[in-house]
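**Q** this is a predicted model, with the sequence first.
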Amino acid sequence: MNLHLADTFTAALARLPAHEAKAVKSTVVDLHIDPSGNGLQMHRIDKSKDPNFWSVRVNRDLRLIVHKNADSVLVAYVGHHDPAYVWAERRRIEAHPRTGAMQIIEVRELVEETQQPSAFNFESLTEAPAAEELPVFAGLDEDQLMSVGVPADWVEDVRGATEDGFFKLAAHLPDEAAEALLEFAATGKLPAPAPAATINPYEHPDTLRRIRPIADQEELEQALSFPWDKWGVFLHPSQRSSVERDHGGSARVAGSAGTGKTIVALHRAVRLAKTNPRARILLTTFSDPLADALKKKLAVLSPETSGVVRRITVESFQRVAEQLFQLVHGARPRIAGEQLLRGLLKKAAEQHNVRGFSERFLLSEWTHVIDAWGIASAEAFRDVQRMGRKSRLGPNQRERLWPVFESVRSVITEQGLTTWATMFSELAETYSAKSEKPFDHILIDEAQDLGPAELRFFAAIAPVGENTLFFAGDLGQRIFQHPYSWKSLGVDVRGRSSTLKVCYRTSQQIRSAADRLLPEQLRDVDGVEDERRGTISVFEGPPPHVEVCGSANDEAAAVAQFIDASIEAGAAPDEIGIFVRTPQLVERAKAAVERASNGARPTISVMHLAKGLEFKSVVVMCCDEGVLPLDERVADAADEAELDDIYETERRLLYVACTRARDSLLVTGTKPGSEFLRDLMRERSPR
Ligand SMILES: Nc1ncnc2c1ncn2[C@@H]1O[C@H](COP(=O)(O)OP(=O)(O)OP(=O)(O)O)[C@@H](O)[C@H]1O
């Protein structure tokens, strides 16, 4: 007999206090040892319309609700005696007649009976709506609705639902049906029906997003250890397919912010480690704090007893290179930092009497062209395409600039220093020549910000073969790198790229406002498309608030009020994040925080460090004219093309900051405010 766990059970378990949860876990372990439940006290729940619901006694008060048939036991819920029985009486669990997926269905008429009119006005969904509130799905017939998994008894409610009422109704529908309908509301198209299922309903991809088979003690341990981390156990079918698909070459998963790309990379690393117990796996990301966050999440996926975690190395790009450098050279690299480089560039420009180029331009040209591409001669600089640098730099300008870069390079070398890019490039050369590679599988998160030298490095330390290089990233969040062709460096993900479309982090309201900052379709230099249309969020929240204030003082008052309201609504101080464009603006954020009445100290950071983070409430402050886009950056633009590029990057920065929010977002500035704020507030015409 097989044991399965449902997400309704793990969610209920996560709500119990520790001592009760412990008792529940031990009962579930007993069930796993003997799923027939012979040694346990079991009672059929007579009042349920579904005859397969049983209760299992945990202690005097707690009951597990299980759904039993001839060859499997599904642990569906846990709760105190009466509410647990009520839960089972109001549900049935069955395979959907069209899709074949197992669904946990709320019995339609019992939901209606129990709704509080203020919380969920059933009539408003079914009565004739006002003219401006037309039913959204009236044009879809029963057959179409059933094809996406709407349970038969909910079809009429869906057909009568207005846009406003739909989110409340969606909470009662199986996820696949709710998502398909949201996609229809956003794009006017219903996703293609899944092919008629001939498989076991428990193996259906939509079943696996809520009901998971438990193969062994280790899987059970993992599922029970972190019941609140739903992503640890239940994946969206598109996430699962990115985790499980084998690829003959490099592959990529894309998707807007919060669609679970990192979650896919984590699960995929664990899957590869489990499939090949000898494999050496690297999971890497942009920065040390993000690598630390990955380490913590990895622990959710693999109980220590499994030994899997030890075989997965989790480090930032730079830390991986540093360690391999030490292995090759027997010493730590001495890196020339940005401060030193700025100074050297300034001095060299003065020495060579090169004027008319800002310090920022010189550093950017050094970082994104000279160093990134390993330009070592005046000829190479003359001929380089300056990929991603949109401004045209004529032959005379290049001739004048070269001595500056050349002398900076010699000073670095004379001082026994190196740069990150040089180190990545040199290691790439060393490892390209070796047949023995340090890792069997490499998974790279935040891949949109990989520089050319880093990409070359990872390609060189990966072996040739199946599943060796996997990238997770979002072109819409590229804020550190200029675009360039991955293919020209031997990394080709064309035909092996998939896009996630369900956003788990950010409410529908915040996500759709942030989406207005970016084009609906993005394409990388190699032509790989990232289609963002049709992305949906799985929950609703208040609309984001954009406030352009009369003065910094008024802005501080608005921010303080927002912090107070967030705390009152239940956010812990560390669940509130405040982002500003530059380090100089941190003081303005601090002044606002000090005015909050509850003494809360939320996280304050520059937008560039927002990457990968998430908070319940977010404030993006100081979005003034001249700050977003930043005047200094705009002043560097050599021509229209480069100006466009700077604008796009600054927009993406604001997008990254706004999409760190789960439930509430406040964006502020002082008058007249950043021009991007108008996009954030603008209604996008229906797609
Ligand atoms: N299948 C899932 N079930 C529940 N929650 C999920 C699932 N997948 C992802 N999440 C949650 O959604 C949030 C975003 O996930 P994740 O960080 O992987 O997204 P991302 O696409 O990498 O985001 P970003 O591009 O902004 O870094 C996290 O809180 C994660 O736990």
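**A** Alright, I've got the coordinates.

**Q** surely L643 meets R633?
**A** No. If you go by Cβ atoms under 8 Å, L643 and R633 don't touch, sitting 9.5 Å apart. To be clear about C-beta, it is placed using only N, CA and C from the backbone, and glycine gets the same treatment.

**Q** what does the stretch 251-400 of the chain put close to the ligand?
**A** Within the stretch 251-400 of the chain, the positions lying close to the ligand (Cβ under 6 Å from any ligand atom) are G255, A257, G258, T259, G260, K261, T262, I263.

**Q** contacting residues for the second one?
**A** Under the criterion of Cβ atoms under 8 Å, 6 or more residues apart in numbering, the contact partners of A257 comprise D474, G476, Q477, C503, R505, T506, R511, A514, Y655, V656, T659.

**Q** now swap in the third one and tell me
**A** Under the criterion of Cβ under 8 Å, 6+ apart, the contact list for G258 reads C503, Y504, R505, T506, R511, S537, E614, T659.

**Q** now list the buried members of these.
**A** C503, Y504, R505, T506, R511, S537, E614, T659 (16 or more other Cβ atoms under 10 Å).

**Q** circling back: shared neighbours of L643 and R633, which are they?
**A** With Cβ under 8 Å, 6+ apart as the test, L643 and R633 reach no residue in common.

**Q** so which strand or helix has V75?
**A** strand 72-80 (DSSP states H and E).

**Q** and stretch 423-438, average pLDDT?
**A** The pLDDT scores in stretch 423-438 average 95.

**Q** repeat that for stretch 496-515.
**A** So the average pLDDT for stretch 496-515 ends up being 94.

**Q** and that stretch, how far out from the chain middle?
**A** Offset of stretch 496-515 from its chain centre (Cα atoms, centre = their mean, to the nearest Å): 8 Å.

**Q** tell me if that stretch is near the ligand.
**A** Yes. Stretch 496-515 lies within reach of the ligand by Cβ under 6 Å from any ligand atom, at Y504, R505.

**Q** please renumber the chain so that the first residue is 321 from this point on.
**A** Renumbered: residue one is now 321, and that last one reads stretch 816-835.

**Q** find the nearest non-adjacent residue to F800, please.
**A** Nearest residue to F800, sequence neighbours excluded (Cβ to Cβ, 6 or more residues apart in numbering): D769, at 4.4 Å.

**Q** backbone phi and psi for that neighbour, please?
**A** phi -110, psi 20 (degrees, to the nearest 10).

**Q** surely it is in contact with I799?
**A** Yes. Here D769 reaches I799: they are 6.8 Å apart, a contact under Cβ under 8 Å.

**Q** overlap in contacts of those two?
**A** K931.

**Q** which residue ranges of the stretch 421-570 of the chain form helices?
**A** 428-434, 442-446, 462-467, 475-480, 483-490, 495-507, 525-528, 537-545, 557-564 (DSSP state H, counting those that start in this stretch).

**Q** can I get the ones you listed in TSV with mean pLDDT and mean neighbour count?
**A** Shown next, in TSV, are those (pLDDT from 0 to 100; neighbours: other Cβ atoms under 10 Å):
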stretch	mean pLDDT	mean neighbour count
helix 428-434	65	13
helix 442-446	44	17
helix 462-467	94	17
helix 475-480	91	20
helix 483-490	80	18
helix 495-507	88	21
helix 525-528	92	22
helix 537-545	87	18
helix 557-564	93	19
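
**Q** what residues does this protein have near the ligand?
**A** Checking the chain against the ligand by Cβ under 6 Å from any ligand atom, the hits are 550-551, 554-556, 559, 575, 577-583, 794, 797, 824-825, 932, 934, 979.
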